[in-house]
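Novice: dropping the sequence and predicted coords here.
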Amino acid sequence: TTLARRARWLREMAAHVLAFPWPLQGHINPMLHLASALLDAGLRVTFLHTEHNLRRFTRVPPHHPRLRLASIPDGLPDHHPRSVGGLMELVESMRTAGSAAYRALLLRMMDSDDDDAVTCVITDGVMPFAVSVAEELGVPALAFRTESACGFLAYLSVPRLLELGEKPVPSDELVRGVPGMEGFLRRRDLPRVVPLPLPPGPGNGDPVPVLLTIADTAARCGESRALILNTAASMEGPALSRIAPHVRDVFAVGPLHARPAARHAAEHVSRSSDDMSLSAWLDGHEDRSVVYVNLGSLTIVSSEQLAEFLHGLVAAGYAFLAVFRQDMLHQMAAAAASASKASVALREAVEAVAGAGSERALVVEWALQRDAHHVLRHRAVGCFLTHGGWNSTLEAAVEGVPAVCWPFFADQQTNSRFVGAVWRTGLDMKDVCQRAVVERMVREAMESPEIRASAQSMSRQLRLDVAHGGSSSSELERLVGLITELSL
Ligand code: UDP
């Protein structure tokens, strides 16, 4: 209609969002999906990468054709790993050098004479400085947290948890400190701060100071104009309503990658030769006969854990497709220089257990888990053995694939409890990596009709949520309204 066209034209003239993700895989992906959603709604969006990521990052999903790119230095030397081992350095460097560069860029982008000036910032909520710098310069800022609502609520609850003496330890004792989760959340399901195992060092022993910093960062989302979460009310309604009083407004717009437009765009991604051979391998398997294993972009395991895990996986008797990153093994993460050796060693470990049969086991270093001709949507995949990162959890949920969770840190602990005990779309292997347990859980996830039925019903609901008129889609419209208003 003319009115709708006029409203869209006004938006396009007015709003220009600077999207500033925390520069790691699991944060960049959902921010890119949010940026695409805003572009589809007619807004202009500039995406702020770090120079390092813009130059080197090949693992980003395809960009929306109208997305503009900008970059700032993250302040670290080129060879820095910027992953598990060096995470604290990245945090510190973004807070200092990154923040100064961001401020300078924002000033330049505000000053541009044409109607291109940035009118609003959406920053990852793990960087409170990005909100305060923008607001100080007169640019309204919103915070986007890329974890689950249940994980975010657990972070917000840390001061109360500590008051009650409830620390994240591997115990079955129920916790009272997280509102609404009193009946099922155990101490072992609370977010843990440190990607284990880490070398001994300052701060790695006592989790309390780090926990308090994380809680403070979460609470500071309340300073932004609104909190955006990549979740759906149907999945996390109770947690969302407990978060609401802590922030000015909260928008549950997820799962963003499942929006019909995003799914359509993903079909047009070109496939690399690796993707092709991976799909060819999957094509050669029966429906729901393959276990897909992917522990995310940061997880580190010890060689003992890996061996135990692989024995269980092989004993379960299904074919498996495993994504093992070069830097996934503990000692190898430290020696990133010998990366190619590491990947050979990993492959050998798998082959030794699986009896070298490429029919039975395929090991790769990266797979398009979700986009395009992705693995999770392939008919041959019967269950997903995941670390329970929020993106992976959502991706499995959208495809209706049962999960076996082996969580390591952060909200993975809480997400996996929801998978196993609340949504019942999978099983939670938490704190146990024994071959017999792996074997039993994989079998159950592959074969249980109850788990499959729950997973599929959640998938149906999430598709309704992101379709026109669904709760997440309506929340997205409300968000576009707020951004437009803030931009006038
Ligand atoms: N991912 C992928 N292929 C891989 C590993 C990861 O496409 O081989 C993507 C995955 O689809 C997800 C993201 O990387 O979107 C990982 O995010 P998640 O929150 O699951 O875990 P993290 O890596 O942050 O621990």
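Specialist: Sure thing, it's come through. Numbering: from 1, shown residues only.

Novice: can you check the pLDDT for the closest residue to the ligand within the stretch 101-250 of the chain?
Specialist: Nearest to the ligand, among the residues of the stretch 101-250 of the chain, is Thr146, at 7.1 Å (C-beta to the nearest ligand atom). Every C-beta, even on glycine, is put in place using the N, C-alpha and C of the backbone. On pLDDT, Thr146 comes in at 98.

Novice: distance check, it against Leu229.
Specialist: 8 Å (C-beta to C-beta, to the nearest Å).

Novice: and Tyr318, by the same measure?
Specialist: 34 Å.

Novice: and for Gly86?
Specialist: 28 Å.

Novice: so which of the two has more stuff around it?
Specialist: Leu229 (28 against 14; other C-beta atoms under 10 Å).

Novice: need phi/psi at that one.
Specialist: phi -130, psi 140 (degrees, to the nearest 10).

Novice: who does it form a beta bridge with?
Specialist: For Leu229, the beta-bridge partners are Arg145, Ala252 (DSSP bridges).

Novice: isn't it up against Arg145?
Specialist: Yes - at 5.9 Å, Leu229 counts as touching Arg145 under the criterion of C-beta atoms under 8 Å.

Novice: overlap of the contact sets of the two?
Specialist: Listed as contacting both Leu229 and Arg145 by C-beta atoms under 8 Å, 6 or more residues apart in numbering are Phe152.

Novice: what segments of the stretch 201-350 of the chain are strands?
Specialist: 227-229, 250-252, 290-294, 319-323 (DSSP state E, counting those that start in this stretch).

Novice: other SSEs contacting the second one?
Specialist: I take that to be strand 250-252. Here strand 250-252 touches strand 227-229, helix 233-243, helix 471-487, going by 3 or more C-beta pairs under 8 Å, 6 or more residues apart in numbering; DSSP states H and E.

Novice: tell me the most buried of the ones you listed?
Specialist: Among the helices and strands packed on strand 250-252, strand 227-229 has the highest mean neighbour count (mean count of other C-beta atoms under 10 Å), at a mean of 27.

Novice: the closest residue to Arg325 other than its chain neighbours and the ligand, how far apart?
Specialist: Ranked by C-beta to C-beta, 6 or more residues apart in numbering and with sequence neighbours excluded, the top spatial neighbour of Arg325 is Glu365, at 5.9 Å. Glu365 sits 8 Å away from the ligand, going by C-beta to the nearest ligand atom, to the nearest Å.

Novice: which residue does the stretch 251-400 of the chain have closest to the ligand?
Specialist: Counting by C-beta to the nearest ligand atom, the stretch 251-400 of the chain gets nearest the ligand through Gly389, at 2.4 Å.

Novice: separation between that residue and Arg377?
Specialist: Taking C-beta to C-beta, one finds Gly389 at 18 Å from Arg377.

Novice: neighbour count winner among the two?
Specialist: Set Gly389 next to Arg377 and count neighbours by other C-beta under 10 Å: Gly389 wins out with 28 against 18.

Novice: what sits against the residue nearest to that one when sequence neighbours are not counted?
Specialist: Of all residues not flanking Gly389 in the chain, Gly296 sits nearest, at 4.5 Å (C-beta to C-beta, 6+ apart). Neighbour list for Gly296: 26, 386-387, 389, 392 [criterion: C-beta under 8 Å, 6+ apart].

Novice: quick check on Gly296: phi, psi?
Specialist: phi 90, psi -170.

Novice: roughly how far apart are it and Arg325?
Specialist: In terms of C-beta to C-beta, Gly296 sits 9 Å off from Arg325.

Novice: residue contacts, the closest residue to Pro179 other than its chain neighbours?
Specialist: Ranked by C-beta to C-beta, 6+ apart and with sequence neighbours excluded, the top spatial neighbour of Pro179 is Arg242, at 4.9 Å. By C-beta under 8 Å, 6+ apart, the residues touching Arg242 are 153, 179-180.

Novice: at 10 Å what do you get?
Specialist: By C-beta atoms under 10 Å, 6 or more residues apart in numbering, the contact list for Arg242 reads 149-150, 152-153, 156-157, 178-181, 236.

Novice: can you add distance to Ala41 and give those residues back as CSV?
Specialist: Below are the contacts of Arg242 laid out as CSV (distance: C-beta to C-beta, whole Å):
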residue, distance to Ala41
Ala149, 23
Cys150, 28
Phe152, 24
Leu153, 28
Leu156, 29
Ser157, 33
Val178, 34
Pro179, 33
Gly180, 32
Met181, 34
Glu236, 23
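
Novice: widest-spaced pair of those?
Specialist: The widest separation within the contacts of Arg242, taken as C-beta to C-beta, falls between Ser157 and Glu236 and amounts to 14.8 Å.

Novice: outline the domain layout of this structure.
Specialist: Per the record, the chain has its domains at 2-263+465-487, 270-464, by automatic domain parsing.

Novice: least reliable of the ones you listed by average pLDDT, please.
Specialist: domain 270-464 (a mean of 86).

Novice: just the helices from the stretch 351-488 of the chain, written as ranges.
Specialist: Counting by DSSP state H, counting those that start in this stretch, the segments of the stretch 351-488 of the chain that form helices are 390-399, 412-417, 435-447, 449-466, 471-487.

Novice: can you list the strands of the stretch 201-350 of the chain in CSV and add distance to the ligand?
Specialist: As requested, the strands of the stretch 201-350 of the chain are arranged in CSV below (distance: least, C-beta to the nearest ligand atom, whole Å):
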stretch, distance to the ligand
strand 227-229, 13
strand 250-252, 17
strand 290-294, 5
strand 319-323, 4
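
Novice: which positions in the stretch 351-488 of the chain make contact with the ligand?
Specialist: 366-370, 389-392, 395 (C-beta under 6 Å from any ligand atom).

Novice: quick one: contacts for the residue of the stretch 101-250 of the chain closest to the ligand?
Specialist: So Thr146 contacts 21-22, 24, 26-31, 33-34, 124-126, 152, 228-231, 254, 256, 389-391, 411 (C-beta under 10 Å, 6+ apart).

Novice: now, of the contacts of Arg242, which are buried?
Specialist: Buried members of those, scored by 16 or more other C-beta atoms under 10 Å, are 149-150, 152-153, 156-157, 178, 181, 236.

Novice: in helices only, show me those.
Specialist: Judged by DSSP state H, helices contain the following of the buried ones among the contacts of Arg242: 149-150, 152-153, 156, 236.

Novice: need these in TSV (columns: distance to the ligand).
Specialist: Output for those, formatted as TSV (distance: C-beta to the nearest ligand atom, whole Å):
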residue	distance to the ligand
Ala149	14
Cys150	14
Phe152	13
Leu153	17
Leu156	19
Glu236	15
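
Novice: which parts of stretch 39-51 are buried?
Specialist: 39-50.

Novice: what's the most distant pair in those residues?
Specialist: Gly42 and Thr50 (27.9 Å).

Novice: comparing the helices of the stretch 351-488 of the chain, which comes out most buried?
Specialist: Of all the helices of the stretch 351-488 of the chain, helix 412-417 carries the top mean neighbour count, a mean of 28, counting by mean count of other C-beta under 10 Å.
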